[in-house]
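**Student:** I would like to see how this sequence folds:
(2 chains)
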Amino acid sequence: MIEINNVTKDFAGKKRAVDQLNLTIPDGKIIGFLGPNGAGKSTTIKMMTGILPIDQGTISLNGFDIEKNAMDAKKIFGYVPDRPDMFLRLKGIDYLNFIGDIYNIPTEIRRKRITKLTQLFSIDHALGDYIQTYSHGMRQKIIVTGVLIHEPEIWILDEPLTGLDPKSAYTLKEMMREHANKGKTVFFSSHGLEVVEQLCDEVAIINNGKLLFYGSLDDMRKQYESNQSLEQVFLELTNNE
Amino acid sequence: MNKTWLVMKTMLKMHYSRAGKKNTELMLLLLAGLMLIPVLFLYINLVGNAVSALYQFLEPLGQASSILGMLFLTLHLLLFIVSIITVLSAFYFAEDIESFIPYPLQPYQLLLGKATTPFIYLYFTVIAIYLPVFFFYGSVSGGSIFYYLFGIILAVLLPVIPFTIAAIILMFIMRFVNIAKNKDRSKVIAGILTLLIIILFNVAIRLNTNTEDVMEKFASFIQKQDGLLSMITAFYPPAYISAKALGDFSLVSILSFVGVLLLTALIFLLFILAGQRFYLKGVLGVNSGNKKNITTSKILTRVKNRNVFTTLILKELRIIFRTPTFFMQCVIQSLFAPIFLFIIMMLDTNSLGFVMDSFDPKKILLVLFLVTLFVFVANATAISSISRDGASWSANLFLPINMKQVFYSKIATAWIINLFTVGLFLGILLFAIKLPIEYTIIWLVIALLTSWFTSALGTYLDFTYPKLNWTDEQEVFKSRMVIFIALLIEFVPFGIIGMIVWKMDAVKGIMPTTIVLLIVLFIAIGVVHYVLMKKLSNGDHLKI
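**Tutor:** Presented below is the predicted three-dimensional model:
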């Protein structure tokens, strides 16, 4: 479970990035986090993952406060950043090994998971190459693999499907579903509204740092008394702001 | 021409962008600049005295022009070496070139854009060395208006010839190296080899110079007007005609001046032509690395469990050794000082041994300590500890790693890289200087502690003034004054402490000096660790 309580974030000289955000994300669900560019999605995710300090309010993951119990909180989530351009000078296998050491995964289990995941994403042949030589999608896949090898309770994914080929996107979506079915949490931001419609149990829509809507798609249709598509509701909501 | 100018401007902007920099850094720089003013006066004074003394000695012999000859020759050589290093990093290891390639630009336009940064360094060298000597020579020799006019124009043209020679040699080599399988690695190797060959070439020339022979020639050359100038610049005409252009205003000086202009223009044209032909062939695919076909089962044998601290250090070392820019800046450049020292030793072992004999033990230890400190400060590993991470820095924040461990691993990495320098020094001390074993052991202990101190301080400074949002690895080292600040912080207090101990009669002999140095080092390390930990507990790592 992720609990975001009254979270506010300001950047010097700019308008408020996140404004009194309250959000409780239950276990066993896939939550889509939507909003136009610059709405505060990435800032929120960065605060959830400990990358940015929180100005006001608290965020806790499965009961661990990200600021007060940072280490415990960080051990239970896996995070895929919006840009996968990290550790480019490491080889794929070095990166996965590095992650394995950080999360203290025993060698045998590590081997099994690396084999399984990299074969699923068809990057097993490239493990000996530098991440620098990978395409955007392959970089995304190696980062996702890195997250999945330590089997975190909570998945936090910032635009995880961008750049993935159809087969890998399908695989990842299946994995997200499976993870939620096990009673775990999947929280992901996306601009792909079809994906959200197809995959998510609930959506959170944010604009100008404020939460505009949180609930299931059915709730949304009821609330807006229409049979409109998510796209239309989204455009309406974010345009009226 | 407009496009060339645009490319140059854009590349400069990217290099010297202040994005993500704090204003406090600028203030510190200003302060550092102010503190350097007395040093500047001292330097100018020194140059002035040297030039007028040389002039008074050589002028009656009709050999004053050899001062200018020497100046041009030394400058060209120095500019050439600086060019090799800067061309290598700017032309071949910088990655920003890839963002320009898709645009409709000629290779020569990209090349000129790339040449701007090295040229800035070259002009700094010219300002620091050429201008003072030139003005003092002008004033003692009563130079005419043409002397100053020609001299200023020559100052502007000075870097062109050495830079072009360096660039053409490297472009030619890289054109062929780029065919190799592992491009990153082969380029680093080619770069190092070029440098080594130049250094060896220098050593060989010096070792092969027969002193008697030179003296004999010297005697005959000195008979003729400007004979010494001809002798000094015999192998390098650009220096000869440049010196001639600054001689008494006459037809010869005008012709020589025109000669320099023509030669510079010709060589510059050659540079453009060579660049148009070879540059892109040598640079394309530089960073593509190599792809090997290794079976997954073989790769999986590399899966091993390590503790977090070891894995962090290993990650740092891998990134440094596999990134050509980092490797050149952190590893190779830190070896320069000891290698140059070694060359000097090779040439002049006896006099140094004599110097060692004449010092008392305290002074030997103090000198060794200050030299070691100086060499370690020049190591770029520590002052790039945080900045090297670039976009990967955020991983330190969202992964469950203890921040203290991250910082200790970075300090340890800089310390490990310093071990190369320590090793080289150890060799020099034992075999070239033949330092007694007890001194060597004491030095080793002091050096290892000094290395921890400079590594921790450098990491702290980089943490305070980091540059994370770079697009090209070069930016981590360029236009950053952290190294300068480190130099000031390390030299002002340690210089003063060194001087006090030097003069203090109470501290005598090898053991008391060692104890004083150890106490100073422990205090220094303690202070740096204290401020670093304070910054961490403030949560400053989240604010960069």
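**Student:** Go ahead and flag the most central residue of the chain.
**Tutor:** Let's take chain A. In chain A, the C-alpha closest to the average C-alpha coordinate belongs to A:Leu157, at a distance of 1.5 Å (C-alpha atoms, centre = their mean).
**Student:** looking at chain B here, not the other one
**Tutor:** Geometric centre of chain B, nearest residue: B:Gln333, 6.6 Å, by C-alpha atoms, centre = their mean.
**Student:** got a list of what that one touches?
**Tutor:** Shown in contact with B:Gln333 (C-beta atoms under 8 Å, 6 or more residues apart in numbering or on different chains): B:Ile85, B:Ala378, B:Asn379, B:Ala380. Quick note: C-beta positions are derived from backbone N, CA and C, even for glycine.
**Student:** What is the burial count for the last one?
**Tutor:** By that I understand B:Ala380. Neighbour count of B:Ala380, defined by other C-beta atoms under 10 Å in any protein chain shown: 25.
**Student:** Count residues in the vicinity of residue 41, would you?
**Tutor:** Since no chain was named, I'll use chain A. A:Lys41, neighbours per other C-beta under 10 Å, totals 25.
**Student:** you looked at the wrong chain, it should be chain B
**Tutor:** Neighbours around B:Phe41, by other C-beta under 10 Å: 10.
**Student:** Doesn't it lie inside a helix?
**Tutor:** Yes - assessed by DSSP: H, G, I helix; E, B strand; the rest coil, B:Phe41 belongs to a helix.
**Student:** any idea how far it lies from chain A?
**Tutor:** B:Phe41 sits at a distance of 41 Å from chain A (criterion: C-beta to the nearest C-beta, to the nearest Å).
**Student:** what's the pLDDT at that residue?
**Tutor:** Per-residue pLDDT puts B:Phe41 at 81.
**Student:** And the helices in chain A?
**Tutor:** A:41-48, A:70-76, A:92-102, A:107-120, A:136-148, A:166-181, A:193-199, A:217-223, A:230-239 (DSSP state H).
**Student:** For the ones you listed, give me CSV that also has distance to chain B and mean pLDDT.
**Tutor:** Listed next are the helices of chain A as CSV, based on distance: least, C-beta to the nearest C-beta, whole Å; pLDDT from 0 to 100:
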stretch, distance to chain B, mean pLDDT
helix A:41-48, 8, 92
helix A:70-76, 4, 91
helix A:92-102, 4, 91
helix A:107-120, 5, 92
helix A:136-148, 10, 91
helix A:166-181, 17, 90
helix A:193-199, 23, 87
helix A:217-223, 30, 81
helix A:230-239, 27, 79
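**Student:** where along chain B do the strands fall?
**Tutor:** With strands called from DSSP state E, chain B shows none.
**Student:** per-domain residue ranges of it.
**Tutor:** According to automatic domain parsing, chain B comprises the domains B:41-288, B:308-542.
**Student:** Determine which of these shows the lowest mean per-residue pLDDT.
**Tutor:** Ranked on mean pLDDT, the bottom entry among the domains of chain B is domain B:41-288, at a mean of 80.
**Student:** And the helices of chain A: which comes nearest A:Arg16?
**Tutor:** Between A:Arg16 and the helices of chain A, the shortest separation by C-beta to C-beta is 10.1 Å, and it involves helix A:41-48.
**Student:** same for the closest one, what does it pack against?
**Tutor:** Contacts defined by 3 or more C-beta pairs under 8 Å, 6 or more residues apart in numbering or on different chains; DSSP states H and E place helix A:41-48 against strand A:2-9, strand A:18-25, strand A:30-34, strand A:56-61, strand A:154-158, strand A:185-189.
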